[in-house]
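Novice: sequence unknown, structure follows:
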């Protein structure tokens, strides 16, 4: 059991560290139906799940609620396009660290700033991947540098840092909890 958890934790870290969020041109250029949408977004966001969670990050009812709340545009003839996929990827990832209303506000500001869905989405993907790399230890050193950009871009930087911090923290806590649950007579914290 402990070996399986260790394998899972190593795989989770490797999957997150090697993540490649699909860029705008990699998203389907044809409209897709709800079941395809949910499957696709789940596949793209799988590395963001912690602790072998069986709970999906996105469901059809979540998508319907997002449409009702105007968080994503309504589908056209029950079909979804790149704009829907991109927004849902961002919402699905960031809702783990932020209230949906905050995520929506950030998306809207980026779109207004750029006047372009594709560019706003590309910036998010690039920043998310760069931020993830900041959190992995290499030769006992945490690599953490933050280039100062214009203030309108800083919320994206900080949001991706917050999410990655949360994911890495949850994963570490899960590892430690399982480690010390398997040793019931260990009453002291042991620094390994």
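Specialist: Noted; the coordinates are in hand. Remember, it's a predicted structure, so these values are computed and weren't measured experimentally.
Novice: for the chain, what spans make up the helices?
Specialist: 2-17, 34-45, 60-68, 82-94, 100-114, 117-134, 154-181 (DSSP state H).
Novice: tell me what angle the second one forms with helix 60-68.
Specialist: What separates the directions of helix 34-45 and helix 60-68 is an angle of 100 degrees, with axes from the mean of the first three to the mean of the last three Cα atoms, to 10 degrees.
Novice: and helix 34-45, what's buried?
Specialist: Buried residues in helix 34-45, defined by neighbour count with 16 or more other Cβ atoms under 10 Å: 34, 37, 38, 40, 41, 42, 44, 45. The way it works is simple: take the backbone N, C-alpha and C, and place the C-beta from them, glycine included.
Novice: quick one: contacts for the fifth one?
Specialist: With contact taken as Cβ atoms under 8 Å, 6 or more residues apart in numbering, residue 41 is in contact with 57, 58, 85, 88, 89, 92.
Novice: please redo it, this time with the cut-off set to 7 Å
Specialist: Each residue near residue 41 by Cβ atoms under 7 Å, 6 or more residues apart in numbering is listed here: 58, 85, 88, 89, 92.
Novice: quick check: the gap between it and residue 81.
Specialist: Distance, residue 41 to residue 81, by Cβ to Cβ, to the nearest Å: 13 Å.
Novice: likewise the first one?
Specialist: Applying Cβ to Cβ, one obtains 13 Å for the distance of residue 34 from residue 81.
Novice: beta partners of the closest residue to residue 37 other than its chain neighbours?
Specialist: What sits nearest to residue 37 in space, not counting adjacent residues and going by Cβ to Cβ, 6 or more residues apart in numbering, is residue 80, at 4.7 Å. Residue 80 has these beta-bridge partners by DSSP bridges: residue 32.
Novice: just give the closest residue to residue 79, not the sequence neighbours.
Specialist: In space, residue 79 is closest to residue 31, 3.6 Å off (Cβ to Cβ, 6+ apart).
Novice: can you check residue 12 too?
Specialist: In space, residue 12 is closest to residue 171, 6.3 Å off (Cβ to Cβ, 6+ apart).
Novice: ok, residue 157 next?
Specialist: With Cβ to Cβ, 6+ apart as the criterion, residue 157 has its nearest non-adjacent residue at 6.0 Å, and that residue is residue 127.
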